[in-house]
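>>> sequence plus predicted model, see below.
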Amino acid sequence: MPKKILIVDDEPLIVKGLKFSLEQDGYAVDAAYDGEEALEKIGAHEYDMILLDVMLPKVDGMQVCQQVRQSSDVPIIMLTAKGEDMNKILGLEYGADDYMTKPFNILEVKARIKTIMRRAKAAAPAEPQVLVMRDLRMNLDSRSVTIGDRQINLTAKEFDLLKLFMTNRGKVFSREKLLETVWKYDYLGDLRTVDVHIRRLREKIETNPGQPEYIFTKWGVGYYFTDK
């Protein structure tokens, strides 16, 4: 998916030039020509970057920036024909990430966009890694497993085994492959180790281990995980 940028400026030639140049670099570009239109579009769509002129009809850029910051941390670069330091300070205080004074070099604009997007990506908190199948929920960050509201206590190897199954649903693993992947054996270990852990894991997560709903046996081949 291409990164989406909103250009907010009441000068059509500036919008046209920025839009053309950014689209040439593969960005998806939207435009608004006053503050009200900008707020409507920001409320209706998600953007990866906003280029925001300070001097806008209806609602000025400072107010737009302030309102956006009440609900979003989308990167904002303020654009203005005014070069006074006070305007720069105000823009940054209202939550802008950067500030450029017109006339500007389009190459510098694109360089600033790339820098700020990289910074925003690096600063974004990692989403918790959670695997879910029906009532079974596995949190990879906290290494915890629940079924409904019930906490399931797994050993380290049981957790690693279940994680392998849940991230490879439907794939059949031989006992040898499970030993190699979960136990890190690079030689043929005791295959009964796998069978014992599968049995214990079933006892903990299956309602009826004799009629499993999650971990199935492929006779003569190995084990696989599915909800079908």
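Everything's here; your move.

>>> and the nearest residue to residue 213 once chain neighbours are set aside, what does it touch?
Nearest in space to residue 213, with sequence neighbours left out and distances taken as CB to CB, 6 or more residues apart in numbering, is residue 206 at 6.1 Å. In short, each C-beta sits where N, CA and C put it, glycine included. Contacts for residue 206 (CB atoms under 8 Å, 6 or more residues apart in numbering) come out as 212-215.

>>> in the protein, which spans are strands?
Secondary structure of the chain (DSSP state E): strands at 4-8, 28-32, 49-53, 76-80, 98-101, 130-133, 136-139, 144-147, 150-152, 215-218, 222-225.

>>> in CSV, list these along with mean neighbour count, distance to residue 107 and mean pLDDT.
As requested, those are exported to CSV (neighbours: other CB atoms under 10 Å; distance: least, CB to CB, whole Å; pLDDT from 0 to 100):
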stretch, mean neighbour count, distance to residue 107, mean pLDDT
strand 4-8, 23, 16, 97
strand 28-32, 18, 17, 96
strand 49-53, 26, 15, 95
strand 76-80, 24, 14, 89
strand 98-101, 18, 12, 86
strand 130-133, 14, 42, 88
strand 136-139, 18, 45, 92
strand 144-147, 17, 49, 92
strand 150-152, 12, 55, 92
strand 215-218, 15, 57, 93
strand 222-225, 20, 51, 93
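
>>> out of those strands, which gets nearest to residue 113?
Of all the strands of the chain, the one in closest proximity to residue 113, counting by CB to CB, is strand 49-53 (5.8 Å).

>>> in this protein, where's the longest helix?
Longest helix in the chain, counting residues (DSSP state H): helix 106-123.

>>> can I get that helix in PDB, CA atoms only?
These are the backbone C-alpha positions of helix 106-123, laid out as PDB (Å, rounded to 0.1, in the frame of the first residue of the first chain):
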ATOM      1  CA  ILE A 106      10.500  20.200  -3.800                       C
ATOM      2  CA  LEU A 107      13.500  17.900  -3.300                       C
ATOM      3  CA  GLU A 108      13.900  19.300   0.300                       C
ATOM      4  CA  VAL A 109      10.200  18.700   0.900                       C
ATOM      5  CA  LYS A 110      10.500  15.100  -0.200                       C
ATOM      6  CA  ALA A 111      13.600  14.600   1.900                       C
ATOM      7  CA  ARG A 112      11.900  16.000   5.000                       C
ATOM      8  CA  ILE A 113       8.900  13.700   4.300                       C
ATOM      9  CA  LYS A 114      11.000  10.600   4.100                       C
ATOM     10  CA  THR A 115      13.000  11.600   7.300                       C
ATOM     11  CA  ILE A 116       9.900  12.200   9.300                       C
ATOM     12  CA  MET A 117       8.100   9.100   8.100                       C
ATOM     13  CA  ARG A 118      11.100   7.000   9.100                       C
ATOM     14  CA  ARG A 119      11.200   8.700  12.500                       C
ATOM     15  CA  ALA A 120       7.500   8.100  13.000                       C
ATOM     16  CA  LYS A 121       7.800   4.400  12.100                       C
ATOM     17  CA  ALA A 122      10.700   3.900  14.400                       C
ATOM     18  CA  ALA A 123       8.900   5.600  17.300                       C
END
